[in-house]
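Asker: pasting a predicted model and its sequence here:
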Amino acid sequence: MRAFFNLFCVFVALTANAIPALAQDIYPTKPIRLVVPLAAGGPTDYIARTVAKSLASSLGQTVIVDNKPGADGAIATREVIAAAPDGYTLLFVTGSMIAVPLQVKPPSFDWLGQLSPVGKVGRLSFCLAIHPDVPAKTVAEFITYARANPEKLNYGTSTMSELMAAAEFMKATGVRMTRVPYKGGSQAMPDLLAGRIHVMFGPVTLAQPYIKTGGIRVLATLLPKRSAVLPDVPTLAEAGYPGISVPTWQSIFVPAKTPQAIVSRLATELTGILTKPEIGGDFERRAVFIESSSPQELAATVSNEQTTWLRLITEYGLDRE
């Protein structure tokens, strides 16, 4: 009888250990939620939805996009941190979100302690766009006008990257403008078109539909070289300001302690999606550069950029109480 009991205990232990492994092998078995930290309709939302659609196809399960804008991405991030680490809640992350927990002391959350990286997706192209009522057709003309009208021009931002681009531009040029915050670029653009704000440092893809119609004027891009989408638009470096750059990469994270097998499966599927010609062509037309990575490479990027963001937060006085 004792031998039978011992054998039964061994069987139970082996079965208990096998259940999680089996669950990982057959993952996913239900819909997955991809939490996006910005409002629907903007460039980041489009990229996230494109990735979600392809993930759904490759994983064989629905991937639901859930927009949770606000607090520079902190609302979405905290929700994912609190979610079960089972691979059914993903977070779409923009490079500027790395700065968010560093604006308070101690940091409000830990990117690499409370979340696990899956991989990068791509990088947005940024530009300096203005309302056509602003009497400037070049960066030099804009700087001259803005200097003559300190704090009379409003600029819109919806991410820390946009805020940092504006801060660096103002520091480099001596221009002073007034910030108007938004929860997403899709909310800021109507105000730029209507002239309620005058300036935006934001994604090229957001500006594209309105350039040919004259709704907005793009003075420069924040790229190392001219964009194939806007070949006639100079870079800020060409305009005499080479030091202005912002982290615009996009990526996917999951809650910490998500089984490694699931993280690896998601990373493999994501890398495969980014090699598809139709995805590459679509992103290129929207001035999005595909930039994939392993989870380890993404973790290294986050670690390196935390140091940079801490310096910039202190330099530009972006701390929060």
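Answerer: Received the coordinates, thanks.
Asker: how close does Tyr210 get to Val93?
Answerer: Computed as C-beta to C-beta, to the nearest Å, the Tyr210 to Val93 distance reads 27 Å. Placement of C-beta: from N, CA and C, glycine included.
Asker: you'd agree Arg176 is in a strand?
Answerer: No - assigned with DSSP: H, G, I helix; E, B strand; the rest coil, Arg176 falls outside any strand and is coil.
Asker: circling back to that earlier point, higher neighbour count, Tyr210 and Val93?
Answerer: Neighbour comparison, Tyr210 and Val93: the larger count goes to Val93, with 30 against 17 (by other C-beta atoms under 10 Å).
Asker: roughly how far apart are that one and Val121?
Answerer: Plainly put, Val93 is 9 Å away from Val121 if you go by C-beta to C-beta.
Asker: then Val175?
Answerer: From Val175 to Val121 the distance is 33 Å (C-beta to C-beta).
Asker: with neighbour numbers in mind, choose between these two.
Answerer: Val121 (26 against 21).
Asker: the protein: strands as residue ranges?
Answerer: Secondary structure of the chain (DSSP state E): strands at 32-36, 63-67, 89-94, 115-124, 126-130, 154-157, 178-181, 199-203, 217-221, 249-255, 288-290.
Asker: quick check: which of these is buried the most?
Answerer: strand 199-203 (a mean of 28; mean count of other C-beta atoms under 10 Å).
Asker: who does it touch, helix- and strand-wise?
Answerer: When contacts are defined as 3 or more C-beta pairs under 8 Å, 6 or more residues apart in numbering; DSSP states H and E, strand 199-203 sits against strand 126-130, strand 154-157, helix 160-173, helix 185-194.
Asker: make it 10 Å
Answerer: helix 43-59, strand 126-130, strand 154-157, helix 160-173, strand 178-181, helix 185-194, strand 217-221 (3 or more C-beta pairs under 10 Å, 6 or more residues apart in numbering; DSSP states H and E).
Asker: in its sheet, what does that strand sit against?
Answerer: Neighbouring strands of strand 199-203 in its sheet, by DSSP bridges, are strand 126-130 (antiparallel), strand 154-157 (parallel).
Asker: what sits up against the last one?
Answerer: The reference is to strand 154-157. Residues outside strand 154-157 that contact it (C-beta atoms under 10 Å, 6 or more residues apart in numbering) are 72, 96, 128-131, 146, 162-167, 169-170, 175, 177-182, 185, 187-189, 191-192, 195-202.
Asker: quick check: Pro190 vs Thr258, distance?
Answerer: 38 Å.
Asker: try Pro43
Answerer: Relative to Thr258, and taking C-beta to C-beta, Pro43 is found at 27 Å.
Asker: which of those two has more residues huddled nearby?
Answerer: Pro43 (26 against 23).
Asker: list the contacts of that one.
Answerer: Contacts for Pro43 were tallied using C-beta under 10 Å, 6+ apart; they are 94, 124-125, 184-186, 202-208, 248, 250, 286-288.
Asker: what's the burial count for Ile211?
Answerer: Ile211 has 17 neighbours, counted by other C-beta under 10 Å.
Asker: without its sequence neighbours, what residue ends up closest to it?
Answerer: Spatial nearest neighbour of Ile211, excluding adjacent residues (C-beta to C-beta, 6 or more residues apart in numbering): Val218 at 5.8 Å.
Asker: where exactly do the helices run in the stretch 201-321 of the chain?
Answerer: Counting by DSSP state H, counting those that start in this stretch, the stretch 201-321 of the chain has helices at residues 204-211, 260-274, 277-285, 295-315.
Asker: and among those helices, the most buried is which?
Answerer: Highest mean neighbour count among the helices of the stretch 201-321 of the chain (mean count of other C-beta under 10 Å): helix 204-211, with a mean of 21.
Asker: who are the packing partners of that helix?
Answerer: helix 43-59, strand 115-124, strand 126-130, helix 185-194, strand 217-221, helix 277-285.
Asker: tell me the pLDDT of the closest residue to Ala84 other than its chain neighbours.
Answerer: Leaving aside its chain neighbours, Ala84 sits nearest to Pro255 (7.1 Å; criterion: C-beta to C-beta, 6+ apart). At Pro255, the pLDDT value in this model is 98.
Asker: ok, Pro255 - contacts?
Answerer: With contact taken as C-beta under 10 Å, 6+ apart, Pro255 is in contact with 80-91, 114-116.
Asker: next: Lys68.
Answerer: 35-39, 74-80, 91, 183.
Asker: low-confidence stretches in the protein?
Answerer: Applying pLDDT under 70 to the chain flags the ranges 1-25, 320-321.
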